[in-house]
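Q: Give me the fold of what follows.
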Amino acid sequence: MPSSFSLTDEQRAVVRHRGGPAVVRAVPGAGKTTVVAHRIRHLVEERDVAPDRILATSFSRETVRDLAETLRALGVRGVEPQTLHALGLSLLRAQAPARVHPEDAPGPGTAARILARRALTDLAAERNLDTTEIGISARELSDQVAAWKQQLAYPDPDAADLSGTAREKAQAATHDNEDFVTLYRRFERHRGREGWLTYADMLREGWAALAQNEDLRTRAQNRYRHVLVDEFQDVSRVQALLLDRLTAQTGAPDTPSGTENLRRYMVVGDADQCIYGWRGADPSFLVHFHERYDATPSPLTDSFRLSAAPLVLANAVIQNNETRPPKRLRLTRGVEGTTELLTADGAENVASRIAGTAEQLRERGYALDDIAVLVRTYGQTPPLEQAFLERDL
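A: Sure thing, here's the model as predicted:
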């Protein structure tokens, strides 16, 4: 990654963007987070934007932590990056501090598990069954409920106390197994009685507060005059809609046509690096950002992380994806290393090939700590673990 004094022309164009919505589509290793940090420093030092008027956010705590560290290294003070969950929670607290998650409540993750178990216990008692006989685990239920909330899917939208635009965006939760929807209703009933918040509630309830409370919306919009979102490919529907309302520069439910350029809204990401689809992440919000907001497109095509071999191979596969715009890729580290494709029939044979390769590498002097095995699903790990144990790896 270039130093702060040697940004590329593409990176400088992002940093110095004059105004209006902008979408930065980057290749792997393009230094996205570093560019966002330089953009923030530019706003503070060159454009005289007050640090507390800048919202820097992302889905993951790791990205937010990296951004905060980069800002400190650049000498930027007063801008406090936060996750989108933290943003949603802050909106709820601004609306009704006394009603947000009682002090003696369990943490958001624990709350979701407890509520799921209570819902299952209720349904099992009603049917005179053991909870295991329902065929749905507490983890499966809490994950499904979280996914529904990321999509603004309610068990009963008409009974959800939503109005105006919020009601228009809400949808009904559906599932091939109707027991999931039944359990969702019970989950929400228990949550309402306790006043608890899960992680997904921070987003959904924060969005609902912003959408329905005009005073809160105006205060939030006036506070955050510049909004920058890193790793935008990982946002879900509720996150995208929350940011949409926050960045609109009017108090109307929908920004009038022709005023999109009033938004000081920059998103950065790579649609090919979306890894949280199972949590509701939808890269189409990044893919279609340009059309939705008439945004200035800014590419970052230089990769500083990887050498040519793995990058070219991955790019050759990705280019077959017709649902995202094409993008150029420029290599900066030359050709290093090799990529070998091995094929095998069946999980056990695949595991044997991988373990055998690791064993050969160890014999050639490589440390086992230098070898990583990536799998697509957790279910692929047992054969690998067995193969490694057999070879004492």
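Q: my guess is residue 56 is in a strand, correct?
A: Yes: the assignment for residue 56, made by DSSP: H, G, I helix; E, B strand; the rest coil, places it in a strand.
Q: Look at it and say how many residues are nearby.
A: 26 (other CB atoms under 10 Å). (C-beta placed from N, C-alpha, C; glycine too.)
Q: Likewise for residue 385?
A: Neighbours of residue 385 (other CB under 10 Å): 12.
Q: got it, and residue 47?
A: That count, for residue 47 with other CB under 10 Å as the rule, works out to 11.
Q: Looking at it now. What's its pLDDT?
A: Here the pLDDT value assigned to residue 47 is 95.
Q: what's the helix or strand for it?
A: Assigned by DSSP states H and E, residue 47 belongs to no helix or strand.
Q: go on, residue 111?
A: helix 108-126.
Q: Summarise which helices and strands that helix is packed against.
A: Helix 108-126 sits against helix 138-150, helix 178-194, helix 199-212, with contacts defined as 3 or more CB pairs under 8 Å, 6 or more residues apart in numbering; DSSP states H and E.
Q: just those: most buried one?
A: helix 199-212 (a mean of 24; mean count of other CB atoms under 10 Å).
Q: could you say what helices and strands the following helix or strand past that one packs with?
A: The helix or strand immediately downstream of helix 199-212 is helix 214-223, counting by DSSP H and E. In terms of contacts (3+ CB pairs under 8 Å, 6+ apart), helix 214-223 is packed against helix 84-95, helix 199-212, helix 237-247.
Q: Name the nearest residue to residue 120, sequence neighbours excluded.
A: residue 131 (4.6 Å; CB to CB, 6 or more residues apart in numbering).
Q: Contact partners for that neighbour?
A: Going by CB atoms under 8 Å, 6 or more residues apart in numbering, residue 131 touches 117, 120-121, 124.
Q: among those residues, who's most crowded?
A: Neighbour counts for the contacts of residue 131 (other CB under 10 Å) peak at residue 120, which has 24 neighbours.
Q: one step back: using TSV, lay out the helices and strands packed on helix 108-126 together with mean pLDDT and distance to residue 41.
A: Converted to TSV, the helices and strands packed on helix 108-126 look like this (pLDDT from 0 to 100; distance: least, CB to CB, whole Å):
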stretch	mean pLDDT	distance to residue 41
helix 138-150	96	32
helix 178-194	96	42
helix 199-212	95	28
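Q: what does stretch 138-155 contact?
A: 112-113, 115-117, 119-120, 160, 162, 169-175, 180-181, 183-185, 187-188, 198-201, 203-204, 207, 236-239, 241, 278-280.
Q: hmm, I was thinking of stretch 374-393
A: 347-348, 350-352, 354-356, 358-359, 362, 368, 373.
Q: Mind giving me the PyMOL command for buried ones among the residues you listed?
A: Per 16 or more other CB atoms under 10 Å, the buried members of the contacts of stretch 374-393 correspond to this PyMOL selection:
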select buried, resi 350+351+352+354+355+358+359+362
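Q: quick one: which of the contacts of stretch 374-393 is nearest residue 86?
A: Nearest to residue 86, judged by CB to CB, of the contacts of stretch 374-393 is residue 373 at 33.9 Å.
Q: quick one on the thing from earlier: would you mark the buried spots in the helix holding residue 111?
A: Neighbour-count burial for helix 108-126 flags 108, 111-120, 122-123 (criterion: 16+ other CB under 10 Å).
Q: Check stretch 379-393 too.
A: Quick answer for stretch 379-393 (16+ other CB under 10 Å): 383-384, 387-388, 393.
Q: Show me the residues you listed that map onto strands.
A: With strands defined by DSSP state E, no entry of the buried residues of stretch 379-393 lies inside them.
Q: Domain map for this structure?
A: Domain ranges of the chain: 9-90+205-331, 102-196, 347-390, per automatic domain parsing.
Q: Which one of those domains lies nearest to residue 341?
A: Once the domains of the chain are compared by CB to CB, domain 9-90+205-331 is nearest, at 8.6 Å.
Q: and residue 228, that one's in a strand?
A: Yes: applying three-state DSSP, one finds residue 228 inside a strand.
Q: Next one: it from residue 49, what distance?
A: 11 Å (CB to CB, to the nearest Å).
Q: same thing with residue 303?
A: Applying CB to CB to residue 303 and residue 49 gives a distance of 30 Å.
Q: Compute the number of surrounding residues for residue 135.
A: Around residue 135 there are 10 residues (other CB under 10 Å).
Q: Which residues are in contact with it?
A: Contact analysis of residue 135 by CB under 8 Å, 6+ apart lists residue 179.
Q: need the helix or strand of this structure with the lowest average pLDDT.
A: The helix or strand of the chain with the lowest confidence, counting by mean pLDDT, DSSP states H and E, is strand 330-331 at a mean of 72.
Q: Could you check how far the following helix or strand past that one is from the centre of its chain?
A: Downstream of strand 330-331, the next assigned helix or strand under DSSP H and E is helix 347-363. Chain-centre distance of helix 347-363: 34 Å, with CA atoms, centre = their mean, to the nearest Å.
Q: Identify the residues contacting helix 347-363?
A: Residues contacting helix 347-363 (CB under 8 Å, 6+ apart): 342, 344, 368, 371, 373, 380, 383-384, 386-388, 390-391, 393.
Q: Grab the most central residue of this protein for me.
A: Residue closest to the average C-alpha location in the chain (CA atoms, centre = their mean): residue 234, at 3.2 Å.
Q: Contact partners for the nearest residue to residue 56 once chain neighbours are set aside?
A: Spatially, and ignoring its direct neighbours in sequence, residue 56 is nearest to residue 81 (4.2 Å; CB to CB, 6+ apart). Going by CB under 8 Å, 6+ apart, residue 81 touches 56-58, 64, 67-68, 71.
Q: likewise residue 267?
A: Counting by CB under 8 Å, 6+ apart, residue 267 has contacts 22-24, 228-229, 232, 286, 289.
Q: Show me which positions of stretch 62-74 end up buried.
A: 63-64, 66-68, 70-71, 74.
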